[in-house]
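# predicted model and sequence follow; I will ask about them next.
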Amino acid sequence: MTGSSFKYLIKEGFRNTWTNRMMSVASICVLLSCLVLIGSAAMVFLNINSLVERIEDENVIMVYINDNATDAQIDEMGKKISALSNVEKTEFVAKEKAWAEQLDTMEEAQAQFFTEVSTDIPLPDAYKVTVKDLSQFKTTVKEIKTFDNIDTVRENTELAKKLDTISRGITIIAMIIIAVLFAISLFIISNTIKLTVYSRRLEISIMKSVGATNSFVRLPFVVEGIILGIISGAVSLGVVWGIYELATKQFSDLFKSIGIMPLAFTDYALIMLGVFLAIGVISGVGGSLITMRRYLNKEGSEISAI
């Protein structure tokens, strides 16, 4: 295929998109609907996953240290805890700081009572340990309990298990929904493009009868699929963005009341645009190639029927 032929077929793809604009609009609307559902579902699950991760961050292990432990022993304990494979962060919490924070949570009279009764601090020094993988939470707790100079270890293994199950469930559900919606979009776009190809079956048969190769006939339809996919992807991003901003605005009071801060859509806009364009182009091109196959094998049968 020469360069001039290639340019001609590209132009034909753009021209055919405009000439068959009613079918093009139908294809865009169908693909747009599927992409909007995929994008909306993705943002919902991203927010749920963010909430789970926020709860996970609060589900830490508190390691309380014996009062008779020396500074060197406390430092050594911190190094051992940090060296564990499943430990993401280790933070030393001095008993003075912890007691001050505890007093801040009390009413003024109650806090004054405790400070006047005794100057001794009733809390031990501690390490606040954040784990990497909640599925290994119980094992990490057991490893920490083997260290010397530990008074008590406060943890919530059951909550960790529940959060790990929720996180895995969210990931699986999100993947299934996105896969199903992608399959639906490919199926619908294929059938929509099939109508376009059917309406132009005579044109295809004439081109085949005069010796046009399959690639020559197919390329304009592939170009149409790419154009439809790009338009659908770009428009879908705007629609999802608008729906998301509207939803977060409408439910802002509810989010504040339960202490949830929705994710900023701008942080995911470029990624979502890339995914939408990829899905749109793959659906458009795939649908074009699939539905062209039966007509490319007929080679003039429509002409002979006239």
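On my side now, so go ahead.
# what is the burial count for the closest residue to residue 217 other than its chain neighbours?
Sequence neighbours aside, residue 207 is the residue nearest to residue 217 in space, at 5.3 Å (criterion: CB to CB, 6 or more residues apart in numbering). C-beta here means a position set from N, CA and C on the backbone, and glycine is covered the same way. Counted by other CB atoms under 10 Å, the residues lying close to residue 207 total 18.
# also residue 250?
Other residues close to residue 250 by other CB under 10 Å number 9.
# residue 213 too?
12.
# quick one: residue 64 is in a strand?
Yes: in this structure, residue 64 lies within a strand as judged by DSSP: H, G, I helix; E, B strand; the rest coil.
# for residue 24, see how far away it is.
Here residue 64 is placed at a distance of 68 Å from residue 24 (CB to CB, to the nearest Å).
# same thing with residue 182?
21 Å.
# same thing with residue 135?
In terms of CB to CB, residue 135 sits 49 Å off from residue 24.
# coming back round to it: of residue 182 and residue 24, which one has the most company?
Neighbours of residue 182 and residue 24, each counted by other CB under 10 Å, are more numerous for residue 24; the result is 20 against 16.
# mind listing what that one touches?
Contacts of residue 24 were listed using CB atoms under 8 Å, 6 or more residues apart in numbering, and they are 17-18, 196, 224, 227-228.
# now for the nearest residue in space to residue 150 that is not next to it in sequence, how many residues are close by?
Excluding the flanking residues, the one nearest residue 150 by CB to CB, 6+ apart is residue 63, at 6.2 Å. Residues within reach of residue 63, counting by other CB under 10 Å, total 28.
# quick check, pLDDT for residue 63.
At residue 63, the model reports a pLDDT of 88.
# that one touches residue 124, doesn't it?
No: the criterion here is CB atoms under 8 Å, and residue 63 misses it with residue 124 at 9.8 Å.
# the bottom helix or strand of this structure by mean pLDDT?
When each helix and strand of the chain is scored by mean pLDDT, DSSP states H and E, helix 301-305 comes last, with a mean of 43.
# and residue 81, how far from residue 135?
19 Å.
# next one: residue 219
Distance, residue 219 to residue 135, by CB to CB: 51 Å.
# tell me which of these two has more neighbours.
residue 219 (20 against 15).
# that one falls within a helix, correct?
Yes: using three-state DSSP, the assignment for residue 219 is a helix.
# thanks a lot, see you next time.
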